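Asks: curious how this folds, go ahead:
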Amino acid sequence: MSTKRTYQPSKRKRAKKFGFLSRQSTKSGKKIIKGRRLKNRKQLSA
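Replies: Numbering: from 1, shown residues only. Next up, the predicted model:
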């Protein structure tokens, strides 16, 4: 018996946890977006 891999991709889960709207919904999330804007990240969130 072997353990399964930890990353089991799901678009919905990814968006819910790390998406733009979920980031905007918290104070710290807004900070993250702000930091990524300042760093000129092409992609701000998932």
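
Asks: off-centre distance for the helix or strand Ser28 falls within?
Replies: Using DSSP states H and E, Ser28 maps to helix 27-38. Between the centre of helix 27-38 and the centre of its chain there are 11 Å (C-alpha atoms, centre = their mean, to the nearest Å).

Asks: name the helices or strands packed onto that helix?
Replies: With contacts taken as 3 or more C-beta pairs under 8 Å, 6 or more residues apart in numbering; DSSP states H and E, helix 27-38 sits against helix 20-24. In short, each C-beta sits where N, CA and C put it, glycine included.

Asks: now the helix it packs on: mean pLDDT?
Replies: For helix 20-24, the mean pLDDT works out to 96.

Asks: next: stretch 38-46.
Replies: pLDDT averaged over stretch 38-46 gives 95.

Asks: got the contact list for that stretch?
Replies: Arg14, Ala15, Lys17, Phe18, Gly19, Phe20, Arg23, Ile32, Ile33, Arg36, Arg37 (C-beta atoms under 8 Å, 6 or more residues apart in numbering).

Asks: let's see 10 Å
Replies: 11, 13-24, 29, 32-37 (C-beta atoms under 10 Å, 6 or more residues apart in numbering).

Asks: list the buried residues in it.
Replies: Neighbour-count burial for stretch 38-46, with 16 or more other C-beta atoms under 10 Å as criterion, is recorded at Ser45.

Asks: send the alpha carbons of that stretch over as PDB?
Replies: C-alpha atoms of stretch 38-46 as PDB (Å, rounded to 0.1, in the frame of the first residue of the first chain):
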ATOM      1  CA  LEU A  38       3.600  46.300  -6.300                       C
ATOM      2  CA  LYS A  39       5.800  43.500  -7.500                       C
ATOM      3  CA  ASN A  40       4.100  43.700 -11.000                       C
ATOM      4  CA  ARG A  41       3.000  40.100 -10.900                       C
ATOM      5  CA  LYS A  42       1.300  39.000 -14.200                       C
ATOM      6  CA  GLN A  43      -1.100  36.800 -12.200                       C
ATOM      7  CA  LEU A  44      -2.500  38.300  -9.000                       C
ATOM      8  CA  SER A  45      -4.300  35.200  -7.800                       C
ATOM      9  CA  ALA A  46      -5.400  31.700  -8.900                       C
END
